[in-house]
Each structure stands twice: as C-alpha cells, then as structure tokens.
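# here is my input, please return the structure:
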Amino acid sequence: MLVIRERTLLTREDKVEDSDTVEIRPVISGGQGRGRSRMKCRRCRQPAVIEVRRHNAAFCQPCFEHHFNEQVRRAVKEHAMFGPDDRIMVAVSGGKDSLALWHVLLGQGYSATGMYLGLGIGEYSDRSGEAARRFARDRGASLIEVDLRDAYGFDIPTAGRKGSRSTCSVCGLSKRYLFNRVALEAGFDVVATGHNLDDEAATLLGNTLRWQTEYIARQFPVLAAKEGMVKKVKPLYRLSERETAAYAFLQGIDYVVEECPLVEGNTQLKYKAAMNGLEAGAPGTKASFYFGYLDRAARLFRDDAAGSLTPCRRCGQPTTGHYCAFCRARAQVLGEPLAPPADDQVARELSDEVLPADVYTRTGGGGPGGGA
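Just a heads-up that it's a prediction; the model follows:
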C-alpha cells in the first residue's frame, strides 16, 4: 500500500501525529515489509521516498523517476518493442498502470494515443472514463473512445449474467478484441498495455499450475504482428505494481484507485496473493520467476503456440475456428444466431463448442444445426 500525507509519500520511518490526516492507498502487490532503517537514496544518498526491496535499494523522488523510466527504456530496447517513428496505441483503463505507461511514453517522445473502452460497469466505468479523458486533456494527448454497449449491444455486467463465460473472462476477451480491431482500423503499428511484473508473475503461476502450454507460449513481453493482428507489447513488465502506483502518484496522475467491483473472487487475485506471500519472505521472487521463464524456458514452449489463423466468418478478425470467441460470446448474450454450419465437418466441430447450439441457427431440428 501507499501511505500519503499532504501529497507526500511516507516511508515507515516517518512519524504520524494524531492530528495528521493520511490516505491509505491500496495496492494489490505486497508492501514494503521490514528492512533497514534510515533509508537513503541509493543513487544520491538523499532521504528516500520509496523502497524497492528486490533491488535492495531505496530512491528519492527524482532518482525513482529516473529508475522507472530506465526500466521502461530497457524493456523497449531488449525486446525491440517499437521505434521512434511507430504509432503506438496505449490501452488505457483509467487505472494507475495504463496511465503511468501513457505518461512515460509521451515523456520519452513517442507518438502515443490512448484508447479507452467503456465497459458499462456503472459508476466505476464513469469514473474510469473521466480519468482517461482528464489525463488526455491535461497533456494535450489524443484519446480514442469506444463504448461496448453502443457499438456491440451489450455491456460487461449483462454478459456476465447471460453468457457462459465468467464476467472477467468476457471482459478480457472484449478488451483484446476491441484493442486489436481499433488499432488495425486506425493504422497503429503497435498496441501497448500496462501489464506489470505482478500481473505477469501471477499469470505465469496460474498457467503453470494448470500446464496451459498454449497460454504459457504466448506470455511474452512482445507478441509479433500476424495477419489481422497488431503487434502487442508490455513495456512495464520489469516494474512492480507498487512501483507503478508510486510513480503515478508522484507524477500527479489522477487515476481510479479502487478495483473493479466485479473482480471479487477472480482467480488471478488468488495467484497474486500467493506470489505476494512468497515475495514477502524472499524479495525478488516474482522477478526471478518471470525473468527466469523469459531467459531459460520461453523458447521451450514455442511449438505450443496457437495454430494457423483464419478470418472469423462473421467479423473477419483472426481466429483458430470458424467464428472468433468474441462473436460467439456476443451472439449468446444477444440471442443472435451465427450463420448455420456449411457442412457436416463444421457441424461436428460446432458440436464440441461450449456454447449452446441455437447460437448458430434458429432453425428446428437436433444437433448443432438447430435447437433441441
């Protein structure tokens, strides 16, 4: 968590008087824990404002900002994420990670446009959208907005109630689909997301526990462009969630602090909690786990990546089947049938789908060609 008094970050050395008003700002990742006393900045020896235990270091504000920017530069350079002439679309949610990423890229001189997807999650989405708009206005940056209900006829709470997928699953699916589609249509070279070290370590833990090798193969800081798919990058993968929260605060970024109200019970949070427990006892565990995978194991899973892609028969976006996951989910939520199977082979494939058969056609009869 971050402890804030009068727009100043407090360390565990700072005394808090009874008359003081402080803000406790939650961060999902682990806190500072216990460590040495009288923290001084590792670079300049001035009083520190934040400790980064996995580096066995503490930083004052200017040096921490330098550290944050250098970690992003290193990520971009090591993986050739993008160049100075590339058009970058930053997927922004109104939260600390995506806005901190957008801020850094603009500060480093990149052509970075934000893209906000309205998910229809009540007041939470209202505040998130306004945070993204305010950020863009304050910095003279461009922001693309798409409202899921206006554009596609449903919102995330509705999809969670009516669909076969969980709320978080259909939310993630919708984001991936729309970010890619908008980037393609607008001619961007790359999509940048605010996934941080905590996100990547927790996801890798979950995928490894279930040995989902196809997902493990795709968990890399860069996913190369393919036919119908824009290049995707994660420039914050070297920075923890707490570091991005501290950076956003120190830069005066007004982000949405609270978590999505629909996230309760999300499996990803359980994996984050497990990683936090390990990190608290052995600082650097998250970095060792994820960076070790990148350095020594990622190449072993390359053959498990998804197979060839073909255009979705409804929307034209790339998919491994006849209809992309987004179109199938949308059809189920809205009760709109997809085109009927063209032949027996397609029918057999569709019979293995999780979604009910009447998603594909309203005609009578049994099997995937009609309702039972």
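# make it CA atoms for all contacts and neighbour counts henceforth
Will do.
# which residues touch the lengthiest helix in the chain?
When the chain is parsed with DSSP state H, its longest helix is helix 167-186. The contact list for helix 167-186 (Cα atoms under 8 Å, 6 or more residues apart in numbering) reads 89, 91, 115, 117, 119, 156-157, 159-161, 189-191, 228-230, 262-263, 266, 317, 325-326, 329.
# try 7 Å this time
Contact partners of helix 167-186, identified using Cα atoms under 7 Å, 6 or more residues apart in numbering, comprise Met89, Ala91, Ile156, Pro157, Ala159, Gly160, Val191, Met229, Val230, Val263, Phe326.
# now do the same contact list for the fourth one.
Listed by Cα under 7 Å, 6+ apart, the contact partners of Pro157 are Ile121, Thr167.
# check the last one too.
Applying Cα under 7 Å, 6+ apart, we find Phe326 in contact with Leu173, Ser174, Tyr177.
# tell me the mean pLDDT for the longest helix of the chain?
When pLDDT is averaged over helix 167-186, the result is 95.
# in the stretch 101-250 of the chain, which spans are helices?
Under the criterion DSSP state H, counting those that start in this stretch, helices of the stretch 101-250 of the chain are mapped to 122-139, 148-152, 156-162, 167-186, 197-209, 213-218, 241-250.
# mind checking how far the residue nearest the centre of the chain is from Arg210?
Most central residue of the chain, judged by C-alpha distance to the mean C-alpha position with Cα atoms, centre = their mean, is His195 at 4.5 Å. His195 is 21 Å from Arg210, where distance means Cα to Cα, to the nearest Å.
# returning to that earlier point: looking at the helices of the stretch 101-250 of the chain, which is buried most?
Per-residue neighbour counts averaged over each of these give the maximum for helix 241-250, namely a mean of 22 (mean count of other Cα atoms under 10 Å).
# alpha carbons only: can I get it in CSV?
Written as CSV, here are the backbone C-alpha positions of helix 241-250 (Å, rounded to 0.1, in the frame of the first residue of the first chain):
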residue,chain,number,x,y,z
GLU,A,241,2.5,-2.8,-9.3
ARG,A,242,3.6,-0.9,-6.2
GLU,A,243,6.2,0.9,-8.3
THR,A,244,3.7,2.0,-10.9
ALA,A,245,1.3,3.2,-8.2
ALA,A,246,4.1,5.2,-6.6
TYR,A,247,5.2,6.7,-9.9
ALA,A,248,1.6,7.6,-10.9
PHE,A,249,1.2,9.4,-7.5
LEU,A,250,4.5,11.2,-7.7
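# that helix to helix 197-209, inter-axis angle?
Taking axes from the mean of the first three to the mean of the last three Cα atoms, to 10 degrees, one finds that helix 241-250 is oriented at 160 degrees with respect to helix 197-209.
# average pLDDT for helix 241-250?
In this model, helix 241-250 carries a mean pLDDT of 95.
# quick check: Asp155 vs Gly83, distance?
If you measure Asp155 against Gly83 using Cα to Cα, the figure is 35 Å.
# neighbour-wise, which of the two wins?
The neighbour comparison of Asp155 against Gly83 (other Cα atoms under 10 Å) goes to Asp155, with 23 against 13.
# can you list the residue ranges for strands in this protein?
Taking DSSP state E as the test, the strands found in the chain are 2-5, 8-9, 23-25, 50-52, 57-59, 87-92, 111-118, 143-147, 190-192, 222-223, 231-233, 310-311, 318-319.
# could these be laid out in JSON lines, adding mean pLDDT, distance to Asp254 and mean neighbour count?
As requested, the strands of the chain are exported to JSON lines (pLDDT from 0 to 100; distance: least, Cα to Cα, whole Å; neighbours: other Cα atoms under 10 Å):
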{"stretch": "strand 2-5", "mean pLDDT": "68", "distance to Asp254": "14", "mean neighbour count": "16"}
{"stretch": "strand 8-9", "mean pLDDT": "67", "distance to Asp254": "15", "mean neighbour count": "16"}
{"stretch": "strand 23-25", "mean pLDDT": "64", "distance to Asp254": "13", "mean neighbour count": "12"}
{"stretch": "strand 50-52", "mean pLDDT": "93", "distance to Asp254": "19", "mean neighbour count": "23"}
{"stretch": "strand 57-59", "mean pLDDT": "94", "distance to Asp254": "22", "mean neighbour count": "20"}
{"stretch": "strand 87-92", "mean pLDDT": "98", "distance to Asp254": "13", "mean neighbour count": "26"}
{"stretch": "strand 111-118", "mean pLDDT": "98", "distance to Asp254": "16", "mean neighbour count": "22"}
{"stretch": "strand 143-147", "mean pLDDT": "98", "distance to Asp254": "16", "mean neighbour count": "16"}
{"stretch": "strand 190-192", "mean pLDDT": "98", "distance to Asp254": "20", "mean neighbour count": "27"}
{"stretch": "strand 222-223", "mean pLDDT": "96", "distance to Asp254": "28", "mean neighbour count": "19"}
{"stretch": "strand 231-233", "mean pLDDT": "98", "distance to Asp254": "24", "mean neighbour count": "24"}
{"stretch": "strand 310-311", "mean pLDDT": "91", "distance to Asp254": "40", "mean neighbour count": "17"}
{"stretch": "strand 318-319", "mean pLDDT": "91", "distance to Asp254": "36", "mean neighbour count": "20"}
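# could those be laid out in CSV, adding distance to Tyr271?
Output for the strands of the chain, formatted as CSV (distance: least, Cα to Cα, whole Å):
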stretch, distance to Tyr271
strand 2-5, 21
strand 8-9, 28
strand 23-25, 21
strand 50-52, 21
strand 57-59, 26
strand 87-92, 23
strand 111-118, 26
strand 143-147, 30
strand 190-192, 24
strand 222-223, 22
strand 231-233, 22
strand 310-311, 33
strand 318-319, 28
